[in-house]
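K.L.:
Sequence first, then the predicted structure:
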Amino acid sequence: MAIRHFLDLSDAGPDALSAILSDAQERKSARAGWAKGQPDADAPLAGHVLAMIFEKNSTRTRVSFDIGMRQLGGSALVLDSSTSQLGRGESIADTARVLSRMVDAIMIRTDDHAKIEEMARHATVPVINGLTDRSHPCQIVADLQTVLEQGKALPGLELAWFGDGNNVLHSVLEAAALFKFNVRIATPAGFEPDPEFVTMARESGATVTLTQDPAAAADGADIVVTDTWVSMGQENVANKLGAMEPYRVDEALMAKAKPEARFLHCLPAHVGDEVSEAVFESGQSVVFDEAENRIHAQKSILLWCLGKL
């Protein structure tokens, strides 16, 4: 079997992603009431080890992959630049070849997407994108699982995005291309997503609307999504925050969406900036379901990568 890397959603495609989502939902349901560290009944990754490489800080990605591997019967280990030879100049290629002899899969969270592509070229085990500046596919699998849990079908879904046209939005657009849902994007001028992802979604049959009018984007939306306005390592923060002010998801903006609309945020949230406290803490907010679903989604991604799904 060819190595199954998961660098972007398109590496799996719609059929495999549908299977991943179904498996994630089934595994979550099967664990209801269980202790978090108790292995799944089938423990399909017993004896398997995941190496997790962090060049960017993490809470949800780190914990969810670690707990996910434990629940699948395997284990995980952490490497970062301060405690590994990557921080002393060992190449990505050599790191990939060494780890491939020692572990069963590699997850990397980094800045430049080219690093993860180089890792995948030289690794002989699956490589998973835990986040890059280009995309965040694992997050979007968890988001899609959360949308499905709320009883919403993906084809024809109306999703509204507010704020920065960042890596998370790029993966939303890739998901729209694969599952044929529509995305309304409200961003300040100069903060639009990479045109490559907009074109990809449109050519695949999704309707993508780019606007600077938040109210127009929110009108009749099924799902309302935002993210932190300033990502790790970004500069010119004051200017960016000023531009983003009109795109805060508050009660008035949320009221323009459908009454049964749900609010998503991949966290960490800066409540009072990109989202008001009233929306964040409302019954429409499913951000903590979304965070928990990182465990279940990533378990199923791991199983797909390792040929167990």
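P.N.:
On my side now, so go ahead.
K.L.:
show me where pLDDT drops low in the chain?
P.N.:
Within the chain, the segments meeting pLDDT under 70 span 82-88, 232-236.
K.L.:
Let me see the ranges of the strands in it.
P.N.:
49-54, 75-80, 105-109, 127-131, 158-162, 182-186, 208-211, 223-226, 262-265 (DSSP state E).
K.L.:
possible to save those strands as JSON lines with distance to residue 32?
P.N.:
(Glycine included, C-beta is placed from N, CA and C.) Below are the strands of the chain laid out as JSON lines (distance: least, Cβ to Cβ, whole Å):
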{"stretch": "strand 49-54", "distance to residue 32": "25"}
{"stretch": "strand 75-80", "distance to residue 32": "24"}
{"stretch": "strand 105-109", "distance to residue 32": "26"}
{"stretch": "strand 127-131", "distance to residue 32": "26"}
{"stretch": "strand 158-162", "distance to residue 32": "28"}
{"stretch": "strand 182-186", "distance to residue 32": "32"}
{"stretch": "strand 208-211", "distance to residue 32": "37"}
{"stretch": "strand 223-226", "distance to residue 32": "25"}
{"stretch": "strand 262-265", "distance to residue 32": "21"}
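K.L.:
Of all those, which one comes closest to residue 141?
P.N.:
Closest to residue 141 of these is strand 127-131 (Cβ to Cβ; 10.9 Å).
K.L.:
ok now that closest one, how far from the chain's centre?
P.N.:
Here the centre of strand 127-131 is set off from its chain's centre by 10 Å, with Cα atoms, centre = their mean, to the nearest Å.
K.L.:
got the angle between it and strand 49-54?
P.N.:
For strand 127-131 against strand 49-54, the angle by axes from the mean of the first three to the mean of the last three Cα atoms, to 10 degrees is 40 degrees.
K.L.:
by contact count, what packs against strand 127-131?
P.N.:
helix 60-71, strand 105-109, helix 113-122, helix 137-149, helix 287-305 (3 or more Cβ pairs under 8 Å, 6 or more residues apart in numbering; DSSP states H and E).
K.L.:
what do you get if the cut-off is 7 Å, keeping everything else the same?
P.N.:
Packing partners of strand 127-131 (3 or more Cβ pairs under 7 Å, 6 or more residues apart in numbering; DSSP states H and E): strand 105-109, helix 113-122, helix 137-149.
K.L.:
want to try CSV for the ones you listed, with distance to residue 255 and mean neighbour count as columns?
P.N.:
Supplementary listing: the helices and strands packed on strand 127-131 in CSV, determined by distance: least, Cβ to Cβ, whole Å; neighbours: other Cβ atoms under 10 Å:
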stretch, distance to residue 255, mean neighbour count
strand 105-109, 36, 27
helix 113-122, 37, 19
helix 137-149, 20, 24
